[in-house]
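# take a look and give me a structure for this.
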Amino acid sequence: MKALVAFILLIQLPIHKAAPAAPPAPLGCDDPESEAAAEFAVNYINGHSHHGYKFALNRIDSIVVRHQGPNNEIVFLELDLLETTCPILSPTPLANCTVRSFTEHAVEGDCDVKLQKLDGKLSVVASKCHSHADSSEDVLRLCPDCPLLTTLNDTEVLSTVTAALNDHNSKTADAYLRLLEIGRARIQHHPVHVVSVEFAVAATNCSAEEAKDNVEACQLLPDDQSNYGFCTAAETKRPSQNLQVDCQLYGHQVPTPDVPFLSQGTSAGLVPSVVQGFTNHNLRISHNSPVASESSSSEFPSSALSAKAVAKRAVAEAAQHDKVPRPVGFVPPPPPCPGRIRHFKI
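Model prediction:
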């Protein structure tokens, strides 16, 4: 009888199920994991850009993580980038590239990148980027005498690039160089009139001396011998005339199999049509994985594309926290997003 009573009491005891595991805390934009994902994304963007310059991370605007299963996450990043002084063909590591100063008329890149992190390994599922120069008004407000970016097909710019390349080829004993593309151009009107240009070049199969006899026969070197470089030039036109040119070749680089070099699709010696009427090369990166599954499709959620919404939510949460009494000297933590600015706000 006692055993029966004990059994009845036992089965009447509440059954406590194990509580489901709490979801992981959302990542902040400055968390190490977020920065590692952003670094991977920026390297991917630079590796798949074919024109202009390398870009460096300025700020992580937002990050959203969606858990797909064990050791499988989809990461949405919204990144703020800044143009560096390293041409896209330069072998210089990004860490050693200098971000252009605001007074040099900076160029900003905005990128949305979708990553998959499977078993700890990151891969890009989708990405889209564009870039634009800062407004002329903002530059002149800070530096009234600073020269501004001008259109890459401006007649003075084309004249200076032609003069600079001819000057280099007339003085070198090495390979004859051809123009690949104009990277940047600025014109200073006072107190002196100076046209400053930067442009990418490639070595041909002719020496500069041989090119004097038949320049039309000089062709770009094949891929297994290619040698690309970069030139800067400044031509003073008034009150006196002067031309300063500096060209350097990088030496042959082994191309990445899935990333074409700048020269492919660009007519040597001609200004690419992509720059007509523009002051900078647009960072037009768009990629969608052809094998993206339904759970990791290439579409970006609206919540991952609005840093303003993230910031607004963080402000609202901070306001709620402010209603709770805090001890003297308490400093509330910074909002998780957007993250810190690494260089300057543009």
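# element containing the residue lying closest to Gly183 once chain neighbours are set aside, please.
Among residues not flanking Gly183 along the chain, Glu198 sits closest, at 4.4 Å (C-beta to C-beta, 6 or more residues apart in numbering). Glycine gets a C-beta too; all of them are placed from N, C-alpha and C. Per DSSP states H and E, Glu198 falls inside strand 193-207.
# tell me what that strand is packed against?
Under the contact criterion of 3 or more C-beta pairs under 8 Å, 6 or more residues apart in numbering; DSSP states H and E, strand 193-207 touches helix 155-171, strand 175-188, strand 228-238, strand 242-249.
# of these, which stretch is the most buried?
Compared across the helices and strands packed on strand 193-207, strand 175-188 shows the largest average neighbour count, a mean of 23 (mean count of other C-beta atoms under 10 Å).
# what's the offset of that one from the middle of its chain?
21 Å (C-alpha atoms, centre = their mean, to the nearest Å).
# what distance do you get for Pro32 to Lys121?
Applying C-beta to C-beta, to the nearest Å, the value for Pro32 to Lys121 is 17 Å.
# circling back: among the helices and strands packed on strand 193-207, which is nearest His130?
Ranking those by proximity to His130 (C-beta to C-beta) places strand 175-188 first, at 17.5 Å.
# just the CA atoms of the closest one, as CSV, please.
C-alpha atoms of strand 175-188 as CSV (Å, rounded to 0.1, in the frame of the first residue of the first chain):
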residue,chain,number,x,y,z
ALA,A,175,59.8,48.4,-72.6
TYR,A,176,57.5,50.7,-74.5
LEU,A,177,54.4,51.4,-72.3
ARG,A,178,50.8,51.6,-73.4
LEU,A,179,47.9,53.2,-71.5
LEU,A,180,45.4,50.9,-69.8
GLU,A,181,43.2,53.4,-68.0
ILE,A,182,43.2,56.8,-66.3
GLY,A,183,42.6,56.4,-62.6
ARG,A,184,42.3,59.9,-61.2
ALA,A,185,42.6,63.5,-62.4
ARG,A,186,42.6,66.9,-60.6
ILE,A,187,43.0,70.4,-62.0
GLN,A,188,44.3,73.3,-59.9
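# that strand vs strand 242-249, what angle?
130 degrees (axes from the mean of the first three to the mean of the last three C-alpha atoms, to 10 degrees).
# could you list the paired strands of strand 175-188 along with their orientation?
strand 148-149 (antiparallel), strand 193-207 (antiparallel) (DSSP bridges).
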